[in-house]
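Engineer: need coordinates for the following:
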Amino acid sequence: MNCKSVVDVGMEICPNCGFNLRVQRKCFSLSNMYYNLGLDKAEIRDLSGAIDMLRRSLKFNKYNIHARNLLGLVYFETGEAVAALSEWIISKNIMPENNVATEYIATLQAEQAKLDMINQTIKKYNSALKCCRENNEDVAAIQLRKILNQNPKLIKGYHLLALIYIHKGEYEKARKILKKAAKIDKTNSTTLRFLKEVDFQTGTQTSLEPRRFGRRERTEEQREDERERVVSGDTVIIPPTFRETSTAATMLNIGIGLVLGALVVWFLIGPANTQRINRQADEKVVEYSGKMASQEAQLNQLQSQVDSLNETTASAQQQIQTAQDTAASYENLLKAVEAQQQGNTSNATNALTEVNPEVLSVDAKAVYDTIYKSMQSSMFQELSQSGVNAFDDANYTEAIDKLSKAKNINDSDYTVLNYLAHAYRLSGDTDNAISVFQEIIDKFPGTQKATKAEQQIEVLGGTVKTEE
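Structural biologist: Have a look, this model is predicted:
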């Protein structure tokens, strides 16, 4: 209910605030139902299904502590330690006393080395993802193998490594990696989709069931039959037989003797042949070494010419880029002026934020300053609201861009600072997240806002800086 009042069980309307208690009880019931479904799925390692059910549970009742704590455990099992800690911290803030989330946080913080290792693996994963986008797949694969050795439960690490193998056509390696991911989360849709592609390319169906190896054992009767033969009810022991050597065996022995003789001759003559071959090889090596030295000198000369041309090209490209940036800034300034005259604040804000005032002339800079001062307040509102909307849509890259620009206009707004810090945190940029949380502490000392920021810095493994 809205007023947090205590009411009788049978009442349907809150006498204090008029809230419909039947709706609330229905929501709580659905939340508990989804929690039980999530618990069942987690027990059979259907972690993706468990995450879906637990998120639904929290949509109906965000105060469902059991669902939130279990969601944190499932996140941690899939290698998402940061997401797990976020859920546990929220749980602890909702119910500070008698909450198992406190033990989870304390246990993880006590193992500082493990927490640092997890943070490092997240940074390395982001670095590997960047390498993939830059077409450095071999470097990314090496980094991902190291990451999975340190954090073997990081599902998205298995997915990215498998995707690299699939792109390179190494389908069996991809299959092996995806089967490891399936052991952690049996019904992960990304794992199953990648396996389907591997099966299609190889024409072989992947089995996720564990193999059972068995060996057929011979029965006691079969072993006895090898030693005994029963004739007319009497047991007869079969004696060993002897047979004279045949003509074929004699010829075989002669052939073996000839082969052995040839081998003896070969090993006697072999050393002389080896010395002759080695001498000829040494002569060839000397000849090729001379040719390679000459070619290397020519290559060095050509490389010097190439380096000189590259420097000239780089300088020209830099000049071209500077000219393009200047032209773009003037174009955006004109767009901002036109949009302001038309009363289109949103377009004016977007255009003005793309202007680099450092490349403008004195007159153009004066126009920019005039528009900027007149639109500063509306620009701040537009950028901060766009950043918050992008954050709610989990588009953390755009949220960081918009909120950073809003912060440049007003760096004392708590909402902008808080959302920007969490956007950095959820995108894996721990250093910038800690830096912005520290700004909150410095700008709002002794407040609840500063206390929450300190808790976030401790979770991220940072150190709170105090004024001396």
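Engineer: C-alpha from now on. contacts and neighbour counts both.
Structural biologist: Noted.
Engineer: packing partners for whichever helix in the chain runs longest?
Structural biologist: The residue-count maximum for a helix in the chain (DSSP state H) belongs to helix 247-341. Here helix 247-341 is seen to pack against helix 345-353 when contacts are counted using 3 or more CA pairs under 8 Å, 6 or more residues apart in numbering; DSSP states H and E.
Engineer: now do the next helix or strand after the helix it packs on: distance to the chain's middle.
Structural biologist: The helix or strand immediately downstream of helix 345-353 is helix 362-392, counting by DSSP states H and E. Its chain's C-alpha centre and that of helix 362-392 lie 35 Å apart, by CA atoms, centre = their mean, to the nearest Å.
Engineer: which helices and strands sit right next to helix 362-392?
Structural biologist: Against helix 362-392 (3+ CA pairs under 8 Å, 6+ apart) you get helix 345-353, helix 396-409, helix 414-426.
Engineer: make it 7 Å
Structural biologist: Judged by 3 or more CA pairs under 7 Å, 6 or more residues apart in numbering; DSSP states H and E, helix 362-392 is in contact with helix 396-409, helix 414-426.
Engineer: could you dump those helices to TSV with mean pLDDT, distance to Thr463 and mean neighbour count?
Structural biologist: TSV is the format used below for the helices and strands packed on helix 362-392 (pLDDT from 0 to 100; distance: least, CA to CA, whole Å; neighbours: other CA atoms under 10 Å):
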stretch	mean pLDDT	distance to Thr463	mean neighbour count
helix 396-409	90	23	20
helix 414-426	92	15	21
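Engineer: quick one: Ile177 from Gly257, how far?
Structural biologist: Distance check for Ile177 against Gly257: by CA to CA, to the nearest Å, it reads 53 Å.
Engineer: sorry, wrong one. I was asking about Ile457.
Structural biologist: For Ile457, the distance to Gly257 - CA to CA - is 83 Å.
Engineer: one more: Ser361?
Structural biologist: 99 Å.
Engineer: check Lys180 too.
Structural biologist: Applying CA to CA to Lys180 and Gly257 gives a distance of 55 Å.
Engineer: neighbour count winner among those two?
Structural biologist: Lys180 (17 against 12; other CA atoms under 10 Å).
Engineer: please, which helix or strand holds that one?
Structural biologist: Per DSSP H and E: helix 171-184 holds Lys180.
Engineer: Leu208 now?
Structural biologist: Going by DSSP H and E, Leu208 is not in any helix or strand.
Engineer: ok, now which ones touch it?
Structural biologist: Lys179 (CA atoms under 7 Å, 6 or more residues apart in numbering).
Engineer: the spatially closest residue to Thr190 that is not a sequence neighbour: neighbour count?
Structural biologist: Excluding the flanking residues, the one nearest Thr190 by CA to CA, 6 or more residues apart in numbering is His159, at 7.4 Å. His159: 18 surrounding residues under other CA under 10 Å.
Engineer: and if you look at Lys168?
Structural biologist: Lys168 - counted by other CA under 10 Å - has 12 other residues nearby.
Engineer: and Glu137, how many residues sit next to it?
Structural biologist: 21.
Engineer: distance-wise, check it relative to Leu160.
Structural biologist: The value you get for Glu137 to Leu160, if CA to CA is used, is 10 Å.
Engineer: can you check Asn300 too?
Structural biologist: Taking CA to CA, one finds Asn300 at 40 Å from Leu160.
Engineer: who has more neighbours, these two?
Structural biologist: Leu160 (20 against 11).
Engineer: part of a strand, is that one?
Structural biologist: No - if the criterion is DSSP: H, G, I helix; E, B strand; the rest coil, then Leu160 is helix and not within a strand.
Engineer: give me the pLDDT for it.
Structural biologist: Looking at Leu160, its pLDDT stands at 92.
Engineer: so Leu333 makes contact with Val355?
Structural biologist: Yes - the pair Leu333 and Val355 qualifies as a contact (CA atoms under 7 Å) at a distance of 6.3 Å.
Engineer: between these two, which one's more packed in?
Structural biologist: Leu333 (26 against 22).
Engineer: what's near enough to touch the more buried one?
Structural biologist: So Leu333 contacts Ala351, Leu352, Val355, Tyr368 (CA under 7 Å, 6+ apart).
Engineer: I'd say the second one and Ala336 touch.
Structural biologist: Yes - with contact taken as CA under 7 Å, Leu352 and Ala336 are classed as touching, separated by 5.6 Å.
Engineer: fine by me, thanks again.
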